[in-house]
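Undergrad: model the following, please.
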Amino acid sequence: MTRRRVVVTGLGVVAPIGIGIEPFWDSLIAGKSGVGPITAFDASPFKTRIAGEVKNFDAERYMSPKTAKRSARFAQIGITAALEAFRHAGLAPCEGDAGARCAIVMGSGIGAFDMFEREHESFIRRGPGKFHPLTVPMIIPNATAGALAGETGFRGPNFCVSTACATGATAIGAAFDLVRVGRADVAIAGSSEATVSPWALDGYLQLRALSSRNDSPETASRPFSKTRDGFVLAEGGGALILESLEHAQARGAQIHAELLGYGATADGYHMTAPDPTNQGAVRAMRDALTDAGLEPTDVDLVNAHGTSTPLNDAAETAAIHKAFGEHAKRLMVQSTKSMTGHTIGGAAAIESVAGILELMRGRVHPTINLHDPDPECDLDYVPNVAREASPRVLMKNAFGFGGHNAVLVFRRWDG
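TA: Have a look, this model is predicted:
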């Protein structure tokens, strides 16, 4: 089967460090943290009282009031990111059959956790018929993809994927496959999450997964640091417009990067802990490179999963060493989560946007809060300060609860 080349023509992002490409980019390069005290609810009873919240987000500024009112927060965030990517690509809503070859793959690791919690409490307290009548269609993880069909007129393949913290990369990879085998000419791909809620916070605390550095929120997410004590819960989403090269060129679209490869594997080891042998992560990286037709030495930059948890950061470092061999020492490796916190299902889509911007603009954002490196984490993590560089090939790693591994490979578009 002939596989078509797939390019990126649009980007969109909603993150704790900025809504929209330019505010997001400015914060990345400045090394600005989006973590602070939780404002969405009273977090005083909890051991952890900090999170990466999206500030000043008014959904009706970015979509129709009807769509905003009928969407939970995770979907509002995903729709906003997708519509920014849609506009950034110079696309217009399709009419009639014009959108039949246009796909949407927007994932979420959980869906409307916050709304489920809130409306279930209302049901328990007030009884049947007393909670939001649209609760069921609003909490389902595919709500974002469904709503976007109405907003854009895209009427081709439309679905949601859910692979926990790997969701964004899996969604982009699935859309990539749709376009390159010819099932669609253009696709919206990405993910979003909004789980800053009491129940979710307590759930992660019971897993002992969160940082409790409440006295210094901005420095709490510290991937690859010897003093890391867990991830910082966050919310956000990102989206890409993927097109076949022929389709993009035919409409005169500006091309920002090329998506070359995708690898996906499963650990089959543990629901929350990475496989200590790193086999699944290593295979995903190698499979993505093989799919891209590249050698390890072709990669310049790895946007790591980089969660700031004791297990993940050391395991990912070991996996990079195994996948890249001696070239690992020459890689730049970074964690966007050092600034955004961990947006769970939204993470890999947000971080793909970050990486593509770096390919486009010739600067590499830092891993902040890395002042005391863990001896087991011995790569070049671009510590604390952005770097002038011209990476040509980017690898994006994403690993999720359940042992899901998804890896993407992008190349700078040189025309």
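Undergrad: now do the buried residues in stretch 305-319.
TA: For stretch 305-319, the neighbour count (16 or more other C-beta atoms under 10 Å) marks 305-309, 312-319 as buried. Just so you know, the C-beta spots here come from the backbone N, C-alpha and C atoms, and that holds for glycine as well.
Undergrad: what's the closest of the residues you listed to residue 274?
TA: Taking C-beta to C-beta as the measure, residue 274 sits nearest to residue 315 out of the buried residues of stretch 305-319, at 4.1 Å.
Undergrad: now for the closest one: which residues touch it?
TA: For residue 315, the contacting residues are 274-276, 278, 281, by C-beta atoms under 8 Å, 6 or more residues apart in numbering.
Undergrad: what's the answer for residue 250, then?
TA: Residue 250 neighbours (C-beta under 8 Å, 6+ apart): none.
Undergrad: just residue 351 next, same as before
TA: 168, 238, 303, 336-337, 396, 398.
Undergrad: list only those of the contacts of residue 315 flagged as buried.
TA: For these, buried by 16+ other C-beta under 10 Å: 274-275, 278, 281.
Undergrad: mind checking which of those land in helices?
TA: Residues of those located in helices (DSSP state H): residue 281.
Undergrad: in a markdown table, list the buried ones among the contacts of residue 315 along with distance to residue 157 and pLDDT.
TA: Below are those laid out as a markdown table (distance: C-beta to C-beta, whole Å; pLDDT from 0 to 100):
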| residue | distance to residue 157 | pLDDT |
| --- | --- | --- |
| 274 | 32 | 85 |
| 275 | 32 | 85 |
| 278 | 33 | 93 |
| 281 | 28 | 97 |
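Undergrad: residue 202: which of the buried ones among the contacts of residue 315 is nearest?
TA: Using C-beta to C-beta, these come closest to residue 202 at residue 274, 23.5 Å.
Undergrad: need the pLDDT of the nearest residue to that closest one once chain neighbours are set aside.
TA: Once flanking residues are discounted, residue 274 sits nearest to residue 315: 4.1 Å by C-beta to C-beta, 6 or more residues apart in numbering. Looking at residue 315, its pLDDT reads 97.
Undergrad: only C-alpha atoms, please: export the helix or strand where residue 315 lies in PDB.
TA: In this structure, residue 315 sits in helix 310-324 according to DSSP states H and E. Provided in PDB are the C-alpha atoms of helix 310-324 (Å, rounded to 0.1, in the frame of the first residue of the first chain):
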ATOM      1  CA  PRO A 310      10.500   9.100  41.100                       C
ATOM      2  CA  LEU A 311       9.700   6.000  39.000                       C
ATOM      3  CA  ASN A 312       8.900   7.600  35.600                       C
ATOM      4  CA  ASP A 313      11.900   9.900  35.200                       C
ATOM      5  CA  ALA A 314      14.600   7.300  35.900                       C
ATOM      6  CA  ALA A 315      12.800   4.700  33.800                       C
ATOM      7  CA  GLU A 316      12.400   7.000  30.900                       C
ATOM      8  CA  THR A 317      16.000   8.000  31.000                       C
ATOM      9  CA  ALA A 318      17.100   4.400  31.000                       C
ATOM     10  CA  ALA A 319      14.700   3.700  28.100                       C
ATOM     11  CA  ILE A 320      16.200   6.600  26.100                       C
ATOM     12  CA  HIS A 321      19.700   5.200  26.700                       C
ATOM     13  CA  LYS A 322      18.600   1.800  25.400                       C
ATOM     14  CA  ALA A 323      16.800   3.100  22.400                       C
ATOM     15  CA  PHE A 324      19.500   5.600  21.300                       C
END
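Undergrad: many thanks, have a good one.
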